[in-house]
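Colleague: Build me a structure from this.
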Amino acid sequence: MPRPLRIHVPSGVYHVTLRGNHRQPIFHSDCDRNLLNVIVARALEKFETRLHAFCWMTNHVHMVLQAGPEPISRPMHDIAAEFARAMQLKLETTGHFFERRFHAVLVDTDSYLLELLRYVHRNPVTAGIAASVDAYRWTSHHNYRGVRHDNWVTTNLALDMFAPERARAIAAYCRFVEVEDAQPWEPLQALAPRVAVIGNEEFVARAMRSREPGKTRQSLEELLQEACRRFEVGRDSLTSPVRNAYVARVRAWIAYQAGERGIATLAAVARALGRTEGALRYAIRAYPNDIK
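Modeller: Here you go, the predicted structure:
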């Protein structure tokens, strides 16, 4: 059977899983999990990829990865190959270490990121190997609680969705993750033809447009120039640190149109405007009548 196609969306967020061959354990000690930490951190830096969440179970792993300029298959190939080689040497085995290549689902972060985060961090509790989320060591939950600080784990994107102040955001996250989701995350509930994508119809359509060959799209710089002409604002004002309600509306329009037209992700727009993704998401919600 042919492999399902993958969509590469720069700055797109993916739920990635990788399982041991025949669902056999891939970890045999804490040293093995620490080794994977080192390997993952190295691959993230090499390919400019961000990791928003992880959970190292016994026979599989979960990661929430945000692609950089290259597809997530690049860091995932390095991670899987290096860890497999190390474990095969340790165990003195040959053959396939992982069941198959990794599985990845492109995720609509606006609609599903928080539910995915809860699913990943509650996985040990759901599987019955931990009494609580706090009790399991090998997840990024402890980074979100603020009691561990791995520099290869990014927490800002999700925490900013809870509250602008860090203390309030952490408290809200902790309350959120302790509640079992009434509708468990299911990454296969929304699939485009032979491509794993989860989101509403508009998100799936944009994702599919991103892989249409030979289609010329407006660049982000061209969109910024269009916004300046349309709203009669200076280019420098878009990146100015000075707060201005009118310019905030213009930024919201740019962020929305960049996604709607398949030009750039919110992360790319945030970098271009010198803003955080959280600030742009807030602006889009705050000015719904100005962004269309």
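Colleague: Could you pull up the mean pLDDT of stretch 61-77?
Modeller: Taken as a whole, stretch 61-77 has a mean pLDDT of 91.
Colleague: So for that stretch, what gets flagged as buried?
Modeller: Buried residues in stretch 61-77, counted by 16 or more other Cβ atoms under 10 Å: 61-68, 71-72, 74-76. C-beta coordinates here come from the backbone N, C-alpha and C atoms, glycine included.
Colleague: And the contacts of it?
Modeller: For stretch 61-77, contacts defined as Cβ atoms under 8 Å, 6 or more residues apart in numbering pick out 6, 8-18, 26, 36, 40, 43-44, 46-55, 101-102, 104, 107, 113, 116-117, 120, 123, 154, 157, 267.
Colleague: send the alpha carbons of it over as PDB?
Modeller: Output of stretch 61-77 as PDB, limited to C-alpha atoms (Å, rounded to 0.1, in the frame of the first residue of the first chain):
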ATOM      1  CA  VAL A  61       6.600   8.400  22.200                       C
ATOM      2  CA  HIS A  62       4.400  11.500  21.500                       C
ATOM      3  CA  MET A  63       5.700  14.800  20.300                       C
ATOM      4  CA  VAL A  64       4.000  18.100  19.400                       C
ATOM      5  CA  LEU A  65       6.400  19.600  16.800                       C
ATOM      6  CA  GLN A  66       6.300  22.900  15.000                       C
ATOM      7  CA  ALA A  67       8.100  22.600  11.600                       C
ATOM      8  CA  GLY A  68      10.900  25.000  10.700                       C
ATOM      9  CA  PRO A  69      11.800  25.800   7.100                       C
ATOM     10  CA  GLU A  70      12.300  22.100   6.400                       C
ATOM     11  CA  PRO A  71       9.700  19.300   6.700                       C
ATOM     12  CA  ILE A  72       9.500  17.500  10.100                       C
ATOM     13  CA  SER A  73      10.600  14.300   8.400                       C
ATOM     14  CA  ARG A  74      14.100  15.700   8.500                       C
ATOM     15  CA  PRO A  75      14.500  16.000  12.300                       C
ATOM     16  CA  MET A  76      12.400  12.900  12.800                       C
ATOM     17  CA  HIS A  77      14.700  10.900  10.600                       C
END
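Colleague: and it, how far out from the chain's middle?
Modeller: Distance of stretch 61-77 from its chain centroid, counting by Cα atoms, centre = their mean, to the nearest Å, is 9 Å.
Colleague: Among the buried residues of stretch 61-77, which ones are in strands?
Modeller: Taking DSSP state E, the ones among the buried residues of stretch 61-77 that sit in strands are 61-66.
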